[in-house]
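**Q** pasting the structure only:
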């Protein structure tokens, strides 16, 4: 059964310049973030959203989390509409956002997790155990009682993942989750994603990283300038290079990339 | 209900831990309270005992007026700062994706912000009485009744500030209003009867005027709840209407921000 359903979703961001715009040069107009995009994700499936900057990956995740509302079309999670039943949707979704500092700086890692778990209605008697588990899963056990204002970028990112996992969501949304992680932590994280999928969690992961897509994806969505260019399964053992080639072929960026490489080599 | 109390506990704990880890914060607050009260004490001595607004000594009159006024301003400011900080760090977007409804979350957060300022108000009044010898004749029941209805109004002002912040990134407009017009019209430092008639009528439309007047009558004159029924009814009506308006506005502004993608704009 499909757990997340996107149906003809359209999202546009309007830019209205400030008054007295002649004093500056603020751009007006609008950006179409998603153009009639439709897809679905099943239980136990890892769906990777691949695409360049501004392709609409983060917007798609924010729409599922109810952080944003669509202009047209519908987003449903577990049968609930994200506009009409936002509360029911939020109870099923956990999100790890790319903003690293979305924590309370003068609380420790475990205090932050406890706070968010309370708001996510994790029963009080289960909270301590869950926090211990997710801190272990993200390699932050030793930093449990450190104020997060002292964290590095990678630690913030791990804590963001821990926060999303502590809720034990049916649908896990990850926005560039390994951007600041070291190689060992990244590999461990990919294994965690596959384990979650085996436990029936639906994972939607936005990334630029072909190795990450090859390591975790069951299926791949290729977004480009708000349009869905491809929606296909990823074969067992399909390499990062194969995905890279597919990406460049579909987006037409291969010529641009080759020219850039040529220019760089000529300059050397 | 248990879940809501659990969330309120989590929010109070977060704010308390954050406050005590700003190590110098408490000391600065205490020094500020003492300095302000000393200034008012010497001001009332300079004016002399002949000036008795509403039949009250001037220092206790100032103590209650400025204490309640500061409580309103600081509560709205504390709540607004929390929302602004959450926007700047990106916490607000994440908070809006938790299982807690956004309106519930903001109301619980504002209760926490007001709890901290209620402690400040009590410290302020206690210092005025214990250190500067302000004479009081409190009717505790009336004091609690005025405080509860004043809290509802302060809550509405805090939520209104959050609404303007989310909708237009200009929650400070509420603080500006509190800091200028309302200060002048609410009888904080002089009785509103001293104002020209049109301004006096305007002052009677300001909820803060009734909160300050009510607390003076309850704390300084010891008037009973029955004697203050009129003032309490006005305060309760303001509280209910303003809270309903503020919550409706907040709900609309959150929806607008989610449509426009401006939840974290500041």
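**A** Noted; the coordinates are in hand. Note that the structure is a prediction, hence the values are computed from the model and not measured.

**Q** When you work out contacts or count neighbours from here on, use the C-alpha atoms and nothing else.
**A** OK.

**Q** Give the other helices and strands that whichever strand or helix holds residue B:117 contacts.
**A** Element membership for residue B:117 (DSSP states H and E) is helix B:102-130. On a contact count with 3 or more C-alpha pairs under 8 Å, 6 or more residues apart in numbering or on different chains; DSSP states H and E, helix B:102-130 meets helix B:2-21, helix B:25-47, helix B:58-89, helix B:140-168, helix B:229-260.

**Q** Tell me the residues of chain B that contact chain A?
**A** For chain B, the contact set with chain A under C-alpha under 8 Å from any C-alpha of the partner chain comprises B:3, B:6-7, B:10-11, B:14, B:17-18, B:21, B:86, B:89-101, B:257-261.

**Q** Pull out the buried residues from the residues you listed.
**A** Using 16 or more other C-alpha atoms under 10 Å in any protein chain shown as the burial test, the residues of chain B next to chain A include B:3, B:6-7, B:10-11, B:14, B:86, B:89-100, B:257-261 as buried.

**Q** May I have the predicted confidence score for residue 259?
**A** I went with chain A, as the question did not name one. Here the pLDDT value assigned to residue A:259 is 71.

**Q** I was after chain B.
**A** 87.

**Q** low-confidence ranges in chain B?
**A** For chain B, applying pLDDT under 70 flags the ranges B:1-2, B:23-25, B:266.

**Q** Just the pLDDT for the residue most central in space within chain A.
**A** Central residue of chain A (C-alpha atoms, centre = their mean): residue A:175, 2.3 Å from the mean position. On the pLDDT scale, residue A:175 is placed at 93.

**Q** and if you look at residue A:18?
**A** For residue A:18, pLDDT reads 64.

**Q** same thing with residue A:241?
**A** At residue A:241, pLDDT is 90.

**Q** does it sit in a helix, a strand or a coil?
**A** What DSSP: H, G, I helix; E, B strand; the rest coil gives for residue A:241 is helix.

**Q** what's the neighbour count on it?
**A** 12 (other C-alpha atoms under 10 Å in any protein chain shown).

**Q** got the contact list for it?
**A** Shown in contact with residue A:241 (C-alpha atoms under 8 Å, 6 or more residues apart in numbering or on different chains): residue A:210.

**Q** Please name the residues that touch residue 76.
**A** I went with chain A, as the question did not name one. Neighbours of residue A:76 in contact, by C-alpha under 8 Å, 6+ apart: A:3-6, A:64, A:82, A:89.

**Q** if you could check chain B rather than the one you did, that'd help
**A** With the criterion set at C-alpha under 8 Å, 6+ apart, residue B:76 makes contact with B:154-155, B:157-159, B:161, B:174-175.

**Q** Also residue A:211?
**A** A:239-240.

**Q** Against residue A:230, how distant is it?
**A** To residue A:230, residue A:211 is 18 Å away according to C-alpha to C-alpha, to the nearest Å.

**Q** repeat for residue B:231
**A** 67 Å.

**Q** what's the spacing between residue B:30 and residue B:77?
**A** Relative to residue B:77, residue B:30 is positioned 18 Å away (C-alpha to C-alpha).

**Q** what's the answer for residue B:104, then?
**A** 19 Å.

**Q** Likewise for residue A:3?
**A** From residue A:3 to residue B:77 the distance is 42 Å (C-alpha to C-alpha).

**Q** Going by neighbour count, which of the contacts of residue B:76 comes out on top?
**A** Scoring the contacts of residue B:76 on neighbours with other C-alpha under 10 Å, the highest-scoring entry is residue B:158 at 31 neighbours.

**Q** Can you get me a residue count around residue 162?
**A** Using chain A here. A count of nearby residues for residue A:162, using other C-alpha under 10 Å, gives 26.

**Q** looking at chain B here, not the other one
**A** Residue B:162 has 32 nearby residues by other C-alpha under 10 Å.

**Q** Please state the offset of stretch A:227-235 from the chain centre?
**A** 17 Å (C-alpha atoms, centre = their mean, to the nearest Å).

**Q** I misspoke; the intended subject was stretch A:143-163.
**A** Once both centres are worked out by C-alpha atoms, centre = their mean, stretch A:143-163 turns out to sit 18 Å from its chain's centre.

**Q** What lies in contact with that stretch?
**A** A:95-98, A:100-101, A:103-111, A:113, A:116-117, A:131, A:134-135, A:137-140, A:174, A:177-178, A:180-182.

**Q** now residue A:42: how far from residue B:60?
**A** 68 Å.

**Q** Which one's more surrounded, the two?
**A** Neighbour count, other C-alpha under 10 Å: between residue A:42 and residue B:60, residue B:60 has more, with 24 against 18.

**Q** Now that one: closest residue in space that isn't a chain neighbour?
**A** Among residues not flanking residue B:60 along the chain, residue B:134 sits closest, at 5.3 Å (C-alpha to C-alpha, 6 or more residues apart in numbering or on different chains).

**Q** before we move on, what about residue A:199?
**A** residue A:44 (6.8 Å).

**Q** what pLDDT does that neighbour get?
**A** Here, the pLDDT recorded for residue A:44 equals 94.

**Q** With residue A:27 instead?
**A** Confidence score, pLDDT, at residue A:27: 72.

**Q** Which element, helix or strand, includes it?
**A** Going by DSSP H and E, residue A:27 is not in any helix or strand.

**Q** number of nearby residues for it?
**A** 11.

**Q** Residue A:23 now?
**A** 8.

**Q** same check, this time on residue B:43
**A** 14.

**Q** now residue A:259
**A** By other C-alpha under 10 Å, neighbour count at residue A:259 equals 12.

**Q** what kind of secondary structure is residue B:132 in?
**A** Quick answer, by three-state DSSP: residue B:132 is coil.
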